[in-house]
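[1] Give me a model of this one.
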Amino acid sequence: MESMWGDVFEETAAGAKNMDLSWMIPFWASFTDCVIELDAQHIITNVRRKTDSISALAGLTGKSFSAIAAEKDMDLVANNLQKIKTAAVPYLRFQFLLSTGRYYRWTLIPFYEKGVYSGCHGVAVDVTEQTIKETTLNWQRAVMEDGRDFVRIFDLDMRVLYTSPGAYKMTGYDSSSDMPSSEHIYTPEHYQNVYGNGLETIRKQGFWIARGELFRSDGTLIPIEHTMFSIRNDQGDVILLASVIRDITVFIEHEKKLEESRLAAEAANVAKSDFLSRMSHEIRTPMNAIIGMTNIGLNATDTERKDYCFSRVDNAAKHLLNLINDILDMSKIEADKLELSYSEFDFEKALKNISSIASIRAEEKQISFKVKLDSDIPAFIICDEMRLSQVITNLLTNAMKFTPESGTVTLNIKKTSETEDEITLRFEVVDTGIGISKEQQDRLFTSFNQADASISQKYGGTGLGLAISKRIVEIMGGEIYVNSELGRGAAFIFTIRVKKAEGKTKAQQHEKTRQKNLRVLEADDDGDDGDYFKNASEIMSDAANDFAKPQYDFGGHTILVAEDIDINREIMSAILEKTGICVEYAENGKKAVSMFRESSGRYDLILMDINMPEMDGFEATRQIRALDFAEAKSIPIIAMTANVFKEDIEKCISSGMNDHTGKPVDAAELLNKINQYLE
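    Numbers count the residues shown, from 1 in each chain. Prediction:
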C-alpha cells in the first residue's frame, strides 16, 4: 500500500494497535472498478481492474491518459490533468467517455517526491448506465419543459401533480396562474371519453389514445391527439398517470388535403377511364368507315361508286389523323412540353382557310355561318399560325356540333389594345345551340372531360379540344372563357397577344388590296364601317379560287426517295406520277447513301424517311453531307416522317436536312416543297 499511496498519515488512539491497512484492499475492490497509477507525464504505469471491466479497460498501460478518452472528451481530460499538475489541488473527480464506449468517473490524487509532482494515483467507477439514464431524463425534461405539448402528471386519484409549460402555450392561459381543470378545458364529449373509456382502458392495458378537441382561453377549439399511460415503479406497480396532448391542427389540414388529393385522383382516374371508353369509340368509328368503305370500294364495279367510297375513306382518315394529333398534343401538355413556333403570316388568308373548312360543315347542317373582322386589324401578324388556327377550328367545330339546323354560328375578331410591338386580339365564337349549364362550364376546359358524359354519346368527341385550346391560348399570353346558359346558346371567347409584322412593305401592299375588297363586301346589320360578314357560300366561292390545285411539271428532274415501307412508296409514286419527275427508291438509309455516292450529279433532291432499318435518316443525311464532292453539300434533303413535333423538325434540320414534311403525306404540301427546291 505504501508504494501506491505514498506517505500515509497515521494516528492511533491511546491503548490501541496501529491501523491494519489490509482491509483497504477489499474496500477499494468493492467500491471501484479500477485502480490506476500515472507518472509525471501522465503515462499509465499500473492498472488494477475488476474482472468484469477487463474488456473496457484492457491495454491501458503505456498509454497517455488523455489518449484513452473518446475524441470528443480528449480536451476535457487534458485540461483536468493540467489542473491537477499545476493547481496543487488535493484531488480531482470527473468523468468522460472512453474510446471503448463506456463512461467512467475518475478520482485522481496527486503525489509528490521531495516536493516535486511525480504523478497520480486514481480510482475509476463505471457510470455508463447512470449517465445514460441522466441523459435520457434530461432530454425528457427538456422535451416537457421546452416543447409545445400539453403534458400533465396525475396521481392515482387524478390529482394534478405537474403541468408542463407547453400546456400554457397551447391553451393561451397565463403560466403564472393555475391551469383550469380538465372539465373546463376539454369539450364535454372529450371529457366523458377521457374519464370513461380512457381511464378504464389504462387500468386494463396501461395505454390509451384518442382524438378530441379542447378549448383555448379565448374560447376557440383546437383538434388534439390525446395519449394517456400509466407509470410504474421497479416492482411493476402503477404509481402515476401521464397525459400528453398534441395540437394536430396542421396534421388535420394536411390530412384534409391528402383526402382532397385522393378524391381528385380518383375523379381523374374515372375521367380517364371515361375518356378511354370514348376514345375507343372515336377511334373505332373512323376505322370502321375506312375498313368498311375500302371493302365496298374494292368490290364495286362502277367508277362513281368507287369514287364515293374513296371520298368517305379520305374523310374518315383525316378525322382519325386529327384525333391522333389531339392525343399527341394532350400528351405534350401533360408533360408541359407544348411549344409554339412564331412566324409572320397573312392573317386574313389564314382566316379564310379556316372558314372555308368550317363552312362545309355549316352547309351540311344547314347552319348560317358568318365571319366578322374589324378593319383595323393588320393584314400580317407574327404568331403561331398553325396553333391559332387549331384553336379557332376547335371552337367552330364545337359550335356547329351543338347548333341545330337553321341555327347561326358567328366568328367575331376584334383588336382590343395595341402597343408599339404587340396587338391584343379578341376572338368570339357565338352559336345558337344547346347551351351549357354553370355546373357543366366548370369542367369544360379540363383534360379528358366533357361538359356532360351524355354529350359524347349523342354528339361524339373526345373532350380534348377545349383543354388543348386553353393551354395554347395561355402560352400566347391570353385567356379563354365561356358565357352561356342552358338552352340559349354559347359564346366562347379568347384573347391572345400577337406581334406586329416587320415586313412593312409587304403588309402595306396587301392592305391596299384588302381595303379595295372591303368596299365591295357587305356591311353588317349595324352599318359599322370597316366590318364585314360572309356567309358559307361566299366563303366557299373564295376558297375555290384559293385552293385551286396547281399543276406541276418536274420533267427532266430525278429524285431519290429513301423509304422502307412498300405502301408508302406506292403512295409517293401515285402523288408524283403526273409531274413527269423520275423517282428512284432506296429501302433504307444505307442504300440511299450508296446510291447517292455511286451516282454523283444524278439526283436533284432527296426525300428522306427517318425510321428505317440498317441506317436511319439522320445518319444517312450526315453521311451524305460528309461525302467529298460538291453535290453532297448542296443537294436539298427533305425529311418525310411521322415525327412532327417541333423538336423533331429541329433534329432533322440539325442533322443536315433542308426541310420537313409530315406523314400522312399531304400531297399539295409535298409538291409545293419539291417545287420550291427544284426551282
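
[2] Tell me where the model's unsure across this structure.
    1-30, 52-55, 136-146, 274-275, 277-282, 285, 334-335, 447-463, 503-550 (pLDDT under 70).

[3] Break it into its domains for me.
    According to automatic domain parsing, the chain comprises the domains 2-9+21-131, 147-247, 273-334, 343-546, 558-678.

[4] right, and those - which one's nearest Glu259?
    domain 147-247 (14.7 Å; CB to CB). For every residue, glycine as well, the C-beta is placed using N, CA and C.

[5] residue ranges for the helices of the stretch 151-300 of the chain, please.
    Under the criterion DSSP state H, counting those that start in this stretch, helices of the stretch 151-300 of the chain are mapped to 165-171, 182-185, 188-193, 199-205, 249-299.

[6] what's next to the first one, contact-wise?
    Think helix 165-171. 144-152, 173-175, 179, 185, 214-217, 222, 245, 247 (CB atoms under 8 Å, 6 or more residues apart in numbering).

[7] Could you tell me which of the residues you listed are located in strands?
    150-152, 214-215, 222, 245, 247 (DSSP state E).

[8] circling back: so which of the domains of the chain is nearest Ser261?
    Short answer: domain 343-546, nearest of those by CB to CB, at 15.9 Å.

[9] For the helices of the stretch 151-300 of the chain, state which one has the densest average packing.
    Highest mean neighbour count of the helices of the stretch 151-300 of the chain: helix 165-171, a mean of 18 (counted as mean count of other CB atoms under 10 Å).

[10] which residues does the nearest residue to Asp609 once chain neighbours are set aside contact?
    Distance criterion CB to CB, 6 or more residues apart in numbering; nearest residue to Asp609, sequence neighbours excluded, is Glu563 at 4.8 Å. Glu563 is in contact with 569, 572, 585-587, 607, 609, 612, 640, counting by CB under 8 Å, 6+ apart.

[11] Just the buried residues out of those residues, in PyMOL syntax.
    If you want just the buried ones from those in PyMOL, going by 16 or more other CB atoms under 10 Å, the selection is:
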select buried, resi 569+572+585+586+587+607+609+612+640
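
[12] Dump the contacts of Glu563 to TSV, plus distance to Thr397 and secondary structure.
    Shown next, in TSV, are the contacts of Glu563 (distance: CB to CB, whole Å; DSSP: H, G, I helix; E, B strand; the rest coil):
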residue	distance to Thr397	secondary structure
Arg569	34	helix
Met572	31	helix
Tyr585	38	strand
Ala586	40	strand
Glu587	40	coil
Leu607	32	strand
Asp609	32	coil
Met612	36	coil
Met640	29	strand
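
[13] now the contacts of Glu563 as JSON lines including distance to Gln192?
    Formatted as JSON lines, those follow (distance: CB to CB, whole Å):
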{"residue": "Arg569", "distance to Gln192": "85"}
{"residue": "Met572", "distance to Gln192": "85"}
{"residue": "Tyr585", "distance to Gln192": "88"}
{"residue": "Ala586", "distance to Gln192": "87"}
{"residue": "Glu587", "distance to Gln192": "85"}
{"residue": "Leu607", "distance to Gln192": "84"}
{"residue": "Asp609", "distance to Gln192": "79"}
{"residue": "Met612", "distance to Gln192": "79"}
{"residue": "Met640", "distance to Gln192": "79"}
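
[14] Just name the closest of the contacts of Glu563 to Asp314, please.
    For those, the nearest to Asp314 is Met572 (17.4 Å; CB to CB).

[15] Okay, and the beta partners of His226?
    Ala210, Ile245 (DSSP bridges).

[16] For the residue lying closest to Ile231 once chain neighbours are set aside, give its distance to His190.
    Using CB to CB, 6+ apart and skipping the chain neighbours, the partner closest in space to Ile231 is Leu240 (4.1 Å). Counting by CB to CB, to the nearest Å, the gap from Leu240 to His190 is 22 Å.

[17] do Asn568 as well
    75 Å.

[18] Likewise for Leu156?
    Leu156 is 22 Å from His190, by CB to CB.

[19] Report how many residues lie close to Cys492.
    Residue 492: Phe, not Cys. By other CB atoms under 10 Å, the residues close to Phe492 number 24.

[20] Outside of the helix or strand containing Ala592 itself, list whatever touches it.
    Assigned by DSSP states H and E, Ala592 belongs to helix 589-598. Contact with helix 589-598 is made by 560, 562, 584, 586, 603, 606, 608, 612, 614-617, 619-620, 623-624, 627, 632, 635, as judged by CB under 8 Å, 6+ apart.

[21] before we move on, the earlier item: any chance of a ChimeraX selection covering the buried ones in the contacts of helix 165-171?
    Selection of the buried residues among the contacts of helix 165-171 in ChimeraX, burial being defined by 16+ other CB under 10 Å:
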select :144,149,150,151,152,173,179,185,214,215,222,245,247
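
[22] Using CSV, write down the CA coordinates of stretch 149-163.
    Extracted C-alpha coordinates of stretch 149-163, given in CSV (Å, rounded to 0.1, in the frame of the first residue of the first chain):
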residue,chain,number,x,y,z
ASP,A,149,-47.1,19.6,-26.0
PHE,A,150,-49.6,19.7,-23.1
VAL,A,151,-48.1,17.3,-20.5
ARG,A,152,-49.7,16.5,-17.2
ILE,A,153,-48.8,14.0,-14.4
PHE,A,154,-51.6,12.7,-12.2
ASP,A,155,-51.7,10.7,-9.0
LEU,A,156,-54.0,7.7,-8.9
ASP,A,157,-56.8,9.9,-7.7
MET,A,158,-56.4,12.1,-10.8
ARG,A,159,-55.0,15.0,-8.8
VAL,A,160,-52.6,17.1,-11.0
LEU,A,161,-49.0,16.9,-9.8
TYR,A,162,-47.3,18.5,-12.7
THR,A,163,-48.3,20.7,-15.7
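
[23] Could you check that stretch and say which residues are buried?
    So for stretch 149-163, counting by 16+ other CB under 10 Å, buried means 149-154, 163.

[24] Please render the helices of the stretch 151-300 of the chain as JSON lines that adds distance to Ala317 to the earlier fields.
    JSON lines is the format used below for these (distance: least, CB to CB, whole Å):
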{"stretch": "helix 165-171", "distance to Ala317": "70"}
{"stretch": "helix 182-185", "distance to Ala317": "74"}
{"stretch": "helix 188-193", "distance to Ala317": "68"}
{"stretch": "helix 199-205", "distance to Ala317": "72"}
{"stretch": "helix 249-299", "distance to Ala317": "6"}
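
[25] out of those helices, nearest to Ser99?
    helix 165-171 (38.7 Å).

[26] so how far is that closest one from its chain's centroid?
    Averaged C-alpha coordinates place helix 165-171 at 39 Å from its chain's average position (CA atoms, centre = their mean, to the nearest Å).

[27] What of stretch 419-426?
    With CA atoms, centre = their mean, you get 33 Å for stretch 419-426.

[28] And stretch 351-364, by the same measure?
    Using CA atoms, centre = their mean, the offset of stretch 351-364 from its chain centre is 40 Å.
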